[in-house]
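# What follows is a predicted structure for the sequence shown.
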Amino acid sequence: MHASVCDIIADLAQNAIEADATRIEVDVATDPAEIRVRIQDNGKGMDERTLAKAKDPFYSEPGKHDRRRVGLGIPLLMQTASAVGGTVDIQSTPGKGTCVSFTLDARHLDTPPFGDLPETFLGLMTFGGSYDLILTRTTPNDNYTVSRSELVDTLGNLEEIDNLVLARAYVRSQEENLNL
């Protein structure tokens, strides 16, 4: 299984970046009973045959991962959701993009730990390419939205360490405000 829910999110968002998406929306909602995640992109999408292959742990798109022959992201997500009474829904249209939604029972003993969402999000924002990554985070107490384009417009290049430190502090402050 994945080490954390944030690892699952990172894998799916990285897939979107690699699918040439220019806009990736990551919605994460948590409450004491459930974790709900939706990752929607406008990348190249998949037809039904390719989507079926993506669910196979022994398949990886040729050329996508040069050093490995299997793609475990979606199969492990499906296994994790099944093990904890969750759900997985994948909708994809060639040329239009993909939407992966999943829920996990936050109270289930085998639900992976949530992980470090600010660090995950910032790691994804440092991938090269022209794309916007928008995170919307919701809890019963509050919510926030932060995007790669806004951070770049405000801070500059996120590959520069000083700018990345400021971006990290900002996203962490937003996350901490959810717990007040």
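Noted; the coordinates are in hand. If you're wondering where the values come from, they're calculated on a predicted model, not measured in any experiment.
# who's in contact with Asn42?
By CB atoms under 8 Å, 6 or more residues apart in numbering, Asn42 lies in contact with Ala21, Thr22, Arg23, Lys96, Gly97. C-betas here are computed from N, CA, C, even on glycine.
# ok, and the closest non-adjacent residue to it?
Gly97 (4.2 Å; CB to CB, 6 or more residues apart in numbering).
# do Lys96 as well
Gly45 (5.1 Å).
# you'd agree the one you found is in a strand?
No: judged by DSSP: H, G, I helix; E, B strand; the rest coil, Gly45 forms no part of a strand; its state is coil.
# Can you give me the distance of it to Gln91?
Separation of Gly45 from Gln91 (CB to CB, to the nearest Å): 9 Å.
# His108 and Val84 touch, don't they?
Yes: if you go by CB atoms under 8 Å, His108 and Val84 touch, sitting 4.0 Å apart.
# Wait, a strand at Asp27?
Yes: read with three-state DSSP, Asp27 is one of the residues of a strand.
# Run a quick neighbour tally on it.
Asp27: 17 surrounding residues under other CB atoms under 10 Å.
# ok now do it, which residues does it touch?
If you count contacts by CB under 8 Å, 6+ apart, Asp27 has them with Arg36, Val37, Arg38, Ile39, Gln40, Thr136, Thr138.
# what does Asn15 give?
Gly73, Thr98 are the contacts of Asn15 under CB under 8 Å, 6+ apart.
# Same question for Arg23.
Applying CB under 8 Å, 6+ apart, the residues contacting Arg23 are Asp41, Asn42, Tyr131, Asp132, Ile134.
# so what secondary structure elements neighbour the helix or strand containing Glu119?
If you go by DSSP states H and E, Glu119 is part of helix 117-125. Other helices and strands packing on helix 117-125, by 3 or more CB pairs under 8 Å, 6 or more residues apart in numbering; DSSP states H and E, are helix 5-18, strand 132-138, helix 161-178.
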